[in-house]
Every structure is written in C-alpha cells, then in structure tokens.
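Trainee: sequence unknown, structure follows:
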C-alpha cells in the first residue's frame, strides 16, 4: 500500500504569503511588458523601485488587514473582503509615496490602476478554486482535526452543516453529546451525555471540542470545562447569538480587563475605520477632479437664474449624533438653514426652475464630496436627515439612532432600494432604517464599491 501525502490547510499559509506578493509584482511586470515594453529598459531603475515599494507595502498591508488570520475558519467572502482592503492599503501607500517623492508622473497610471483591479480579482479567484475544487480533489489526503460537539440543538446542526459544506477546513466531527433534549426542528440524536464527553475526548484523541450550549446553562458548561481540564483538546464556545441579531455588533472585546460580547458598536473602529477613511479620501478626490468643471457650470447657472448664494448649508446630525453643516447647491428661493425648516415636497413653489433640474438629477448633492474630504461625511452610509426630522422620528421609530454610530453618506443601501426623497409615512422611514442597519451589520469594502457602482449606473440610466 502506497503511503499517502498528508495535506493540512495550514500548509497554505506560507504559500499564500509568497503568492499574494509575487502575483502583484508579476501583474505589474506583465502590464508594463504589454503596454510599455520599452519602459522596462529605459526606466528599469524606477520600475525596480516600484516593484520593491509594492512588495514592501503588500507584506505590511496583507498582515494589517488580517488576510492570513484564521484562514481555515473564515469564509470565502470575508477573506476576499480582507484581500480587497489590503490591496486598497497598498494602492493608498503607493499614492502617498508618489506624492511625497514627486515621482508619480514617472509611472503609468493605466498600469497601476489595472494592476489594482486584477490583483484582488485573481487572488480571490485562486482562493475560490482552492476551497471549492483543490481540497475536494485531495479530500482523502487532508489532515483531519477530529472534533466533538457538546450540544444537539439548532446551533450544533449549523456547525455540522458548515463543516460538511467546507471540507477544506480539515475538521471532522466525530460525535455529539448532550444531557438534555433541546427540541426544535434542527435537533438530532446524540451519542451520549455530557458527562461521557471528557472520557471520549481522551480515548479518541480528539483535537477540538465545540460547545454549542445555551449561555444560561453556566453550571453545566463549567462542569464540562472541569472535566476537559485533563485533556489537550482545544475548546471553542459558540454562544447562541440569535437573541441579539437585531443589534449592530457581534464581536468579543476586552474591556476593563474583562471579556465582553459587543452588542452594539461601529463597524469602523480600528483598522476598518482607517480603511474606510482612505477609501473616502481616494474616491472623493477622484470624483471631485472629474466633476469640478461641471460644478463651476452649475454655480454659474444658480447665479444667473436666482438671487442668493451658490451653496446652501444646513444643520444635520452626523457621527454619534453630533450636528454638522452639510453642503448642497442652492435649489430654492429661500434659505432655511436653521434647525427648523419645512421639508421640500412635489411642486414646491420655493424651488427654482434650475433647482428643480438639479434635484431631479441629484446634482445638488455634489458639494457633499467636500463634506467627505473634511471628515464629516462618508461616500457610502446612512443619508443624513435634518435635525428636526431626527428629533421627530427618534421618538417613535425603534432603533432610529443606530444609524448615527457611523458617519452619514452621500449614497447608501436605502437609497439604492428606492427609499430617498420625501418621507410620506412612518413605514417609509422604518424601511430606510432597516436598510441602514443592514448596511452597518454587513459592511465591507466590496459592499461599498458595489453601492457606488450601482449608484453611478442608476444615475447614468436615469439620464
């Protein structure tokens, strides 16, 4: 019988560290060879520096973005989001490097932008192929880590389904143990009681123990942990978080020296906040450079068609409910820029003819990219409502103020789903809030880019 080569998912970690950086360099090299082959000789020194800087930034950025953190236990979408975030950091670092040393004009923007698009695309494709096909082909040779589950309820069923659908994880569930009948549609029979589990772990050399018991059974869990103290198995506790599914936050944090489950937090703390800010600065700068001539034409049109200033500033609630002044092109004959105002309605006589054109095409929102640059807004996020609207709706719309744990945005998930403009009923506002919370619960760089692309597409289609 031929010996089998045993494959572990963790063997891919050094391979991916080399591949991720090397592929970026190869893409840059290939694009230069395709578009500007003569540059490889005439600008060889500058291109070598570009490769070196890109490699250094990639090593740091992929680590900071957590691309290699717990690869086996993460899903494909989460890993691709981290890859996109890492390459976005690389791109931002390259822009800063080019600006600081005044060498940005030496390099081809076409090559760099194409590389920043192809790099994450190919890496995500490679991850997909490895997870869905390569590991399935070598499934018999995978080094399995044997696991048992404490619990036979719905949560245990979810663990079983995930492991069955992700053979690349290298986890094999051996059996299930419980001391109570959990009931429910997902419940199934167990091999024994919880008191039998520690001995089973020792006799069968189990590597992992998944505790899928209700948090209220503290004494049962404590007794189980005492029994497992004499084993070498790694232990993971999966609390049933379904009762918190409507809240924004699902992480474990360390606060005041204690471990806490975060029930509500902004998704833009720490590294995510830095990535979000870099995303805003980069995209807002590009858009403003592209539309600045049109903004000058709009400003001239406002001056020629009505009396008053070009820009209209109004107080809105922003991050953590702090007021800020939002910028818009003036579309009305009046300036209601205080806390109290009358919302615009269909055929509002206060709106000028030119202002009506701006509103119909959302062109009055363009100055808000200056709000993005000064940090009071983001490109994607919950749309900011006027102060008076906030004070009215927060009293009777449950969870209304959750939208203020992040910066307001120029566009958002609610607007893509048709909830924009005049609010006619409380149901309209409730639906807006539901989409805002959904965005906060599921945020990723990829999600932001999708919303931006779809917004541009809808704008272009409307034209």
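Mentor: Nice, I can see it. Every value quoted in this text rests on a predicted model; they were computed, and no experiment measured them. Numbers count the residues shown, from 1 in each chain.
Trainee: Going by neighbour count, list what's buried in stretch 291-307.
Mentor: Taking 16 or more other Cβ atoms under 10 Å as the neighbour-count basis, stretch 291-307 is seen to contain the buried residues 295, 298-299, 301-302. (C-beta placed from N, C-alpha, C; glycine too.)
Trainee: can you give me how far that stretch is from the chain middle?
Mentor: From the chain centre to the centre of stretch 291-307 is a distance of 36 Å (Cα atoms, centre = their mean, to the nearest Å).
Trainee: Residues touching that stretch, excluding its own?
Mentor: 308, 310, 329-330, 333, 352-355, 358, 363, 366-367 (Cβ atoms under 8 Å, 6 or more residues apart in numbering).
Trainee: where along the stretch 351-463 of the chain do the strands fall?
Mentor: 378-380, 409-411 (DSSP state E, counting those that start in this stretch).
Trainee: List the neighbouring strands of the first one plus their orientation.
Mentor: In the sheet containing strand 378-380, its partner strands are strand 409-411 (parallel), by DSSP bridges.
Trainee: which outside residues touch the partner strand?
Mentor: Contacts of strand 409-411 (Cβ under 8 Å, 6+ apart): 365, 368-369, 372, 377-383, 451-452, 455.
Trainee: Grab the longest helix from this structure for me.
Mentor: Secondary structure of the chain read by DSSP state H shows that its longest helix is helix 271-305.
Trainee: Average pLDDT for that one, rounded please.
Mentor: If you average the pLDDT over helix 271-305, you get 90.
Trainee: Adding distance to residue 237, write the buried residues of stretch 291-307 out as TSV.
Mentor: Converted to TSV, the buried residues of stretch 291-307 look like this (distance: Cβ to Cβ, whole Å):
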residue	distance to residue 237
295	55
298	57
299	59
301	62
302	60
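Trainee: Could you export the strands of the stretch 351-463 of the chain as a markdown table, including mean neighbour count?
Mentor: Formatted as a markdown table, these follow (neighbours: other Cβ atoms under 10 Å):
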| stretch | mean neighbour count |
| --- | --- |
| strand 378-380 | 26 |
| strand 409-411 | 25 |
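Trainee: quick one, strands of the stretch 51-200 of the chain?
Mentor: Under DSSP E, counting those that start in this stretch, the stretch 51-200 of the chain gives strands at 145-150, 171-177.
Trainee: list the buried ones in stretch 313-328?
Mentor: Those would be 314-319, 324, 326-328, for stretch 313-328 by 16+ other Cβ under 10 Å.
Trainee: what does that stretch contact?
Mentor: For stretch 313-328, the surrounding residues in contact (Cβ under 8 Å, 6+ apart) are 311-312, 336-339, 341, 364-365, 367-368, 370-371, 376-377, 384-387, 390, 401, 404-408.
Trainee: and those, which are buried?
Mentor: The buried subset of the contacts of stretch 313-328 (16+ other Cβ under 10 Å) comprises 312, 341, 364-365, 367-368, 371, 376-377, 384-387, 390, 404-408.
Trainee: Now do the longest helix of the chain: distance to the chain's middle.
Mentor: What separates the centre of helix 271-305 from the centre of its chain is 23 Å, taken as Cα atoms, centre = their mean.
Trainee: so where is the stretch 351-463 of the chain shaky, pLDDT-wise?
Mentor: By pLDDT under 70, the weakly predicted segments of the stretch 351-463 of the chain are 421-422, 460-463.
Trainee: ok, and which of the strands of the stretch 51-200 of the chain has the densest surroundings?
Mentor: strand 145-150 (a mean of 22; mean count of other Cβ atoms under 10 Å).
Trainee: any idea of the mean pLDDT in that strand?
Mentor: pLDDT averaged over strand 145-150 gives 89.
Trainee: May I have the strands that pair with it, each with its orientation?
Mentor: Here, using DSSP bridges, strand 145-150 pairs with strand 171-177 (parallel), strand 208-211 (parallel).
Trainee: could I get these as TSV with mean pLDDT and distance to residue 275?
Mentor: Listed next are the strands paired with strand 145-150 as TSV, based on pLDDT from 0 to 100; distance: least, Cβ to Cβ, whole Å:
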stretch	mean pLDDT	distance to residue 275
strand 171-177	89	30
strand 208-211	91	31
